[in-house]
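K.L.:
Can you look at this prediction? I've put the sequence above it.
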Amino acid sequence: MAALANVSLQTRQAYWCGASYLATPSEPILELYVAVFFAIAVLPCSTPEYPWKDSEALTCDICPLGMFVGTNCSRDMSTQCLPCGKSQYTEFRNYLEWFLCKDSTFDYCLRHTVCPPGEGVRLQTAGTRERDMECELCEEGFFSNVSSSTAACQTHSVCADNQTLIPGDDIHDTFCSSCRANSVQPQDIKVCNQEMVRFVLGRLHSGRLTQRLLRALRRVNRGSADLELSELLDVLVGKKSPSGLEVLLDALDQARLPHLHRLVTKWFSAQGSV
């Protein structure tokens with residue numbers, strides 16, 4: 001059998017039973033080997049095979065959808081196909097191989113697409129070993145704050161009647177606050193400080209933003225190099241009555257987080273809640 005000639009590194013064409021399927025690899029390592037292991041040509045409607053040389057020239061059965069070659073065939077053994085792992089797939093028959101390189105194992109099932117925050121897995125097209133999944137934007141009333149190949153968009157939480165509802169968006173859940181921003185009672189101020197800490201931690205969805213606020217807070221408290229952000233916020237804001245709000249707003253300014261500054265002012269200060 002003749003392998004497909006002149007297969008480009010960008011696009012591969014696989015054939016069996018008279019049909020053609022376009023395959024575009026999505027991982028850089030696949031580009032290095034796919035021209036050799038992914039060029040498939042078989043007789044129309046026959047059992048798909050590929051050439052292999054062991055101690056002699058052989059033709060081996062290729063693997064079905066959802067699997068890849070674990071062990072090539074020999075004179076006494078047929079091809080040993082292995083199932084794709086979790087969150088992996090092959091959507092066409094193949095003879096993509098398993099490799100052991102030093103202490104690392106590589107197989108050539110493709111990984112399912114990962115949906116970024118603000119998107120979730122479309123439930124009707126969840127990924128399997130034989131197909132990739134599809135992402136969809138989270139609609140109004142839904143959110144996703146993770147990068148995932150399995151999680152769908154979630155419904156925003158519903159707050160209790162005695163809580164303040166801070167609206168969510170496609171990345172953040174609704175925040176249900178017990179803060180009474182107009183109160184001057186020490187206990188109410190302490191609750192507001194603690195709620196501010198919880199709110200800010202939930203809104204910092206980027207490692208870069210987290211580090212900026214962490215550096216700003218460490219400048220306020222010079223002896224806090226070993227404290228993580230949640231610990232620093234608890235020390236400087238959560239337990240800092242009544243100046244917790246002022247400390248936090250100043251840190252948000254220094255960290256260049258104006259959007260978060262506006263939200264904290266709106267929902268947790270007496271001026272903003274009027």
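P.N.:
Now that the structure is in, tell me what you want to look at.
K.L.:
ok, Val114 - contacts?
P.N.:
When contacts are counted by C-beta atoms under 8 Å, 6 or more residues apart in numbering, Val114 touches Ser147, Ser148, Ser149. Bear in mind the C-beta positions are built from the backbone N, C-alpha and C, glycine included.
K.L.:
Mind giving me the ChimeraX select for the residues you listed, buried ones only?
P.N.:
Listed next is the ChimeraX selection for buried residues among the contacts of Val114, using 16 or more other C-beta atoms under 10 Å:
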select :148,149
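K.L.:
Could you list the low-pLDDT ranges of the chain?
P.N.:
1-47, 91-109, 127, 129-130, 223, 240-241, 271-274 (pLDDT under 70).
K.L.:
Okay, helices next: where are they in it?
P.N.:
28-37, 186-203, 207-220, 229-233, 244-254, 258-268, 270-273 (DSSP state H).
K.L.:
Give me the distance between Asp234 and Ala225.
P.N.:
16 Å (C-beta to C-beta, to the nearest Å).
K.L.:
Neighbour count: these two, which is higher?
P.N.:
Neighbour tally, Asp234 and Ala225, criterion other C-beta atoms under 10 Å: the higher count belongs to Asp234, 17 against 7.
K.L.:
Is the more buried one in contact with Met196, as I believe?
P.N.:
No - in this structure, Asp234 is not within contact of Met196 by C-beta atoms under 8 Å, at 10.9 Å.
K.L.:
List the contacts of the residue most central in space within the chain.
P.N.:
Geometric centre of the chain, nearest residue: Ser147, 2.2 Å, by C-alpha atoms, centre = their mean. Ser147 makes contact with Val114, Cys115, Pro116, Pro117 under the criterion C-beta under 8 Å, 6+ apart.
K.L.:
Quick one: neighbours of the second one, just the number.
P.N.:
When you say that, I think you mean Cys115. Cys115: 25 neighbours (other C-beta under 10 Å).
K.L.:
contacting residues for the closest residue to it other than its chain neighbours?
P.N.:
Nearest residue to Cys115, sequence neighbours excluded (C-beta to C-beta, 6 or more residues apart in numbering): Cys135, at 3.9 Å. Contact analysis of Cys135 by C-beta under 8 Å, 6+ apart lists Thr113, Cys115, Pro116, Glu119, Gly120, Val121, Arg122.
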